[in-house]
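> pasted the sequence and its predicted model underneath.
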Amino acid sequence: MSSESFAAALQAQYARRAGPIGLTVEELDFEHFPVKNGYPGIPVKAWIRFPNCAELVDGEVFAWTAKAAEVTWKDGPVTYRTWVWSSAVTRREEMMNRNLGERTRGKNSK
């Protein structure tokens, strides 16, 4: 591993240790966007923001609103729960079932 890639990996590790950055109560606006819950959880891939980086994680969603989802995921022995915008979340089975053309063109392209 080059010293540059080692430094980048170390920076990402420290950024994650600082904790994820979730949405604020004001952004979530539960009064106008009520929470819905579902069990079992929905398997997802989600972009989670940390100071100075973002990471695509495998997680589950048990709670969501019209515009956000609460992603639960594990990092080693620690379980996290973080609210993110719904556009940062994709169901895992949808990701696996799409071919590359569908992923790059988008749903409404012809």
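Happy to help now that I have it. This is a predicted model, so every value here is computed, not measured.

> can you list contacts of the strand ranked longest in the chain?
Using DSSP state E, we find that the single longest strand of the chain is strand 36-50. Applying CB atoms under 8 Å, 6 or more residues apart in numbering, the contact partners of strand 36-50 are 12, 15-16, 18-21, 54-65, 69, 71-73, 80, 82, 84, 88-93, 95. Just so you know, the C-beta spots here come from the backbone N, C-alpha and C atoms, and that holds for glycine as well.

> hey, what's the closest residue to residue 79 other than its chain neighbours bridged with?
Leaving aside its chain neighbours, residue 79 sits nearest to residue 72 (6.5 Å; criterion: CB to CB, 6 or more residues apart in numbering). Beta-bridge partners for residue 72, by DSSP bridges, are residue 60, residue 81.

> I'd guessed residue 72 sits against residue 61; true?
Yes - using CB atoms under 8 Å, residue 72 makes contact with residue 61 at a distance of 7.4 Å.

> mind checking which of these two has more residues around it?
residue 61 (20 against 17; other CB atoms under 10 Å).

> residues contacting that one?
38, 41, 42, 44, 46, 69, 70, 71, 72, 89.

> can you map out the strands along this protein?
Counting by DSSP E, the strands of the chain are 36-50, 53-64, 68-75, 78-85, 89-91.

> ok, which of those strands comes nearest residue 4?
Closest to residue 4 of the strands of the chain is strand 53-64 (CB to CB; 15.4 Å).

> could you give the angle of the closest one to strand 78-85?
For strand 53-64 against strand 78-85, the angle by axes from the mean of the first three to the mean of the last three CA atoms, to 10 degrees is 80 degrees.

> ok, the closest residue in space to residue 41 that isn't next to it in sequence to residue 51 distance?
Nearest residue to residue 41 in three dimensions, chain neighbours excluded: residue 60, at 3.2 Å (CB to CB, 6+ apart). Distance of residue 60 to residue 51, computed by CB to CB, to the nearest Å: 24 Å.
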